[in-house]
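Chemist: Got a predicted structure plus its sequence, pasted below:
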Amino acid sequence: MNANLFSRLFDDLDDVERLAIETTDGTRISYGELIARAGRMANLLVARGVKIGDRVAAQTEKSVEALVLYLAVVRAGAVYLPLNTAYTLHELDYFITDAEPSLVVCDPSKAEGIKAIAAKVSAHVETLGADGQGSLTEAAAKASSEFATVVRADDDLAAILYTSGTTGRSKGAMLTHDNLASNSLSLVGYWRFTDKDVLIHALPIYHTHGLFVASNVTLFARASMIFLNKFDPDLIIKLMARATVLMGVPTFYTRLLQSEALTKQATAHMRLFISGSAPLLADTHREWAARTGHAVLERYGMTETNMNTSNPYDGDRVPGAVGLALPGVSVRVTDPETGTELPRDQIGMIEVKGPNVFKGYWRMPEKTKSEFRDDGFFITGDLGKIDSKGYVHILGRGKDLVITGGFNVYPKEIESEIDAIKGVVESAVIGVPHADFGEGVTAVVVRDKGASVDEAAVLRALDGQIAKFKMPKKVIFVDDLPRNTMGKVQKNVLRDTYAEIYRK
Ligand code: AMP
């Protein structure tokens, strides 16, 4: 059997007429058409000199053609390397010189700047704009749609995704054909996807969530997706009348809740709301259930591992928990220093092992070695615990751990207490340099509009709930927490902003 992800996706397709993708301008693409377009594009890639194992870097706006490019790269046995559309030329220089692609595809507006960078690694440059037009599609249109999918083994690379890397250099996570195929197939079963499903696809496709979880799962299930270029709450609520599944980051859910149009009736046709990539507040979970009658299904994954855990389809979807280990995935919690496995309910480092876990960091053998245990478990960098029912709870990134006066403080524990205070929308707890304590626990809080909760009220509410050493030394109020495009709170930005507050 050809282990190429493309073959695993489409070799047994029985109905080429079936709808795969629709866009808001009325374009409808069948599975047969998608495969034909991927064939044309794959022929063009080969004609441009892309060889098996070569990297093809793409910084393109979301479009059907951009998805076709991904499928074609995989089909041709090359390695797809999507890049966040927000990256500047300065940042792209690092990715392109590090990955040494043989082809770079970019928006026409960036072609000049990118050509100068690509020249350093002798890469060819083609363009693809937000409207799907550019030198790439123009040339592909003339190519043959027949293409023999290149034979690949399970362990061969299909993609490299650079981690968002809030500290240090961004690392290229090497993902194999089997990493991607096995994880998507597992999710199809776990989330009960069928060919009747219609996914509202409003995520970017340069990240694991929108590219692999959303697109691969839909295509494996022979379901269809409605491709949206941006998050538009009114449109999404309208589409719920004929869609069945929404995959989102937590900010999707908080923003949808702000609309009065979100009702039980508006969501009656939907069968599943999935959230991931950042923590979904327990409050948001409850508010969503009260308003729509649906319990959001939260799952946990990362670029390096694909998806690790998910709340169950049928059992309890627990607010604030990321669910149970997926079939075939082993999850354990260890002492971060010694690596010894900890008993249930104890907080430590989350480690995972399974066919979903990546092959290593591109050209960083030492870094790869230091992030795997000898028995093959990957050290995720997330701190958390597994409860008595097997549900995993995430308590923050290891680097967000606050160490004050020699004691460890897990931000999530304090944040959950603060979030429960009336008048508080959400909070972020960070460690800020402090002469006496090393780090001072600092709470950054967003209030409801018009709420009068102040520092004294927050401290009063925490008093007696948490140990004295965990008490924030300062409570700062802000209008919004800084977030990246995947909805993750950027604690590094907060730490920089407030770095001086304990200096006299
Ligand atoms: P990324 O590689 O950009 O997908 O980021 C992965 C990180 O996002 C994980 O290591 C977690 O820290 C965080 N993450 C993903 N899903 C969740 C979730 N459901 N709850 C809390 N954190 C999450």
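Modeler: Yep, it's here.

Chemist: residues contacting whichever residue of the stretch 1-150 of the chain sits closest to the ligand?
Modeler: At 10.2 Å from the ligand, residue 84 is the closest residue in the stretch 1-150 of the chain, using CB to the nearest ligand atom. (Each C-beta comes from the backbone N, C-alpha and C, glycine too.) By CB atoms under 8 Å, 6 or more residues apart in numbering, the contact list for residue 84 reads 59, 164, 204, 206, 207, 485.

Chemist: ok, now with 7 Å
Modeler: Each residue near residue 84 by CB atoms under 7 Å, 6 or more residues apart in numbering is listed here: residue 206.

Chemist: And it, how far from residue 16?
Modeler: 34 Å (CB to CB, to the nearest Å).

Chemist: number of nearby residues for residue 439?
Modeler: 19 (other CB atoms under 10 Å).

Chemist: Hmm, residue 430 and it touching each other?
Modeler: No: taking CB atoms under 7 Å as the definition, residue 439 is not a contact partner of residue 430, at 8.5 Å.

Chemist: Excluding chain neighbours, what is closest to residue 453?
Modeler: residue 423 (3.9 Å; CB to CB, 6 or more residues apart in numbering).

Chemist: coming back round to it: mind listing the shared neighbours of residue 439 and residue 430?
Modeler: With CB under 7 Å, 6+ apart, residue 439 and residue 430 have common neighbours residue 402.

Chemist: Where does residue 380 fall, secondary structure wise?
Modeler: strand 378-386 (DSSP states H and E).

Chemist: what's the average pLDDT for that strand?
Modeler: Average pLDDT, strand 378-386: 96.

Chemist: what's the answer for stretch 330-346, then?
Modeler: Stretch 330-346 comes out at a mean pLDDT of 95.

Chemist: Let me see the residues that make contact with that stretch.
Modeler: 308-309, 325, 348-354, 373, 377, 384-388, 392, 398.

Chemist: in that stretch, what's buried?
Modeler: Buried residues in stretch 330-346, counted by 16 or more other CB atoms under 10 Å: 331, 332, 333, 334, 336, 339, 342.

Chemist: now do stretch 221-233
Modeler: 221, 222, 223, 224, 225, 226, 227, 228, 231, 233.

Chemist: how much space is there between the closest residue to residue 360 other than its chain neighbours and residue 357?
Modeler: Nearest residue to residue 360, sequence neighbours excluded (CB to CB, 6+ apart): residue 368, at 3.6 Å. Residue 368 sits 11 Å away from residue 357, going by CB to CB.

Chemist: Neighbour count for the two, which is higher?
Modeler: residue 357 (26 against 18).

Chemist: so the more buried one touches residue 307, yeah?
Modeler: No: Residue 357 lies out of contact with residue 307 (CB under 7 Å); the separation is 11.0 Å.

Chemist: Spit out the residues that contact these two alike.
Modeler: With CB under 7 Å, 6+ apart as the test, residue 357 and residue 307 reach no residue in common.

Chemist: State the phi and psi torsions of residue 159.
Modeler: Note on residue 159: backbone dihedrals following degrees, to the nearest 10 are phi -160, psi 150.

Chemist: show me what contacts it?
Modeler: Neighbours of residue 159 in contact, by CB under 7 Å, 6+ apart: 79, 80, 81, 175.

Chemist: Make sure the second one is actually in contact with residue 72.
Modeler: Pointing back at residue 80 there. No: using CB under 7 Å, residue 80 is not in contact with residue 72; the gap is 9.0 Å.

Chemist: Among the two, which residue is more densely surrounded?
Modeler: Applying other CB under 10 Å to residue 80 and residue 72 shows that residue 72 carries more neighbours, namely 28 against 24.

Chemist: circling back: and the residue nearest to residue 453, how far from residue 477?
Modeler: 11 Å.

Chemist: Please name the residues that touch the residue most central in space within the chain.
Modeler: Nearest residue to the geometric centre of the chain (CA atoms, centre = their mean): residue 209, 3.9 Å. Going by CB under 7 Å, 6+ apart, residue 209 touches 203, 276, 277, 486.

Chemist: Name the SS class of it, please.
Modeler: helix (DSSP: H, G, I helix; E, B strand; the rest coil).

Chemist: What pLDDT does the model give it?
Modeler: 96.

Chemist: taking the contacts of stretch 330-346 one by one, which sit in strands?
Modeler: The strands, defined by DSSP state E, take in 308-309, 325, 348-353, 384-386, 392 from the contacts of stretch 330-346.

Chemist: In CSV: these, plus neighbour count and distance to the ligand.
Modeler: Below are these laid out as CSV (neighbours: other CB atoms under 10 Å; distance: CB to the nearest ligand atom, whole Å):
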residue, neighbour count, distance to the ligand
308, 28, 9
309, 25, 8
325, 20, 14
348, 23, 15
349, 20, 11
350, 29, 8
351, 25, 12
352, 27, 10
353, 20, 15
384, 22, 9
385, 20, 13
386, 23, 14
392, 23, 9
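
Chemist: Include distance to residue 462 when you put those residues into JSON lines, please.
Modeler: Formatted as JSON lines, the ones in strands among the contacts of stretch 330-346 follow (distance: CB to CB, whole Å):
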{"residue": "308", "distance to residue 462": "32"}
{"residue": "309", "distance to residue 462": "29"}
{"residue": "325", "distance to residue 462": "33"}
{"residue": "348", "distance to residue 462": "24"}
{"residue": "349", "distance to residue 462": "26"}
{"residue": "350", "distance to residue 462": "26"}
{"residue": "351", "distance to residue 462": "31"}
{"residue": "352", "distance to residue 462": "33"}
{"residue": "353", "distance to residue 462": "38"}
{"residue": "384", "distance to residue 462": "22"}
{"residue": "385", "distance to residue 462": "21"}
{"residue": "386", "distance to residue 462": "26"}
{"residue": "392", "distance to residue 462": "26"}
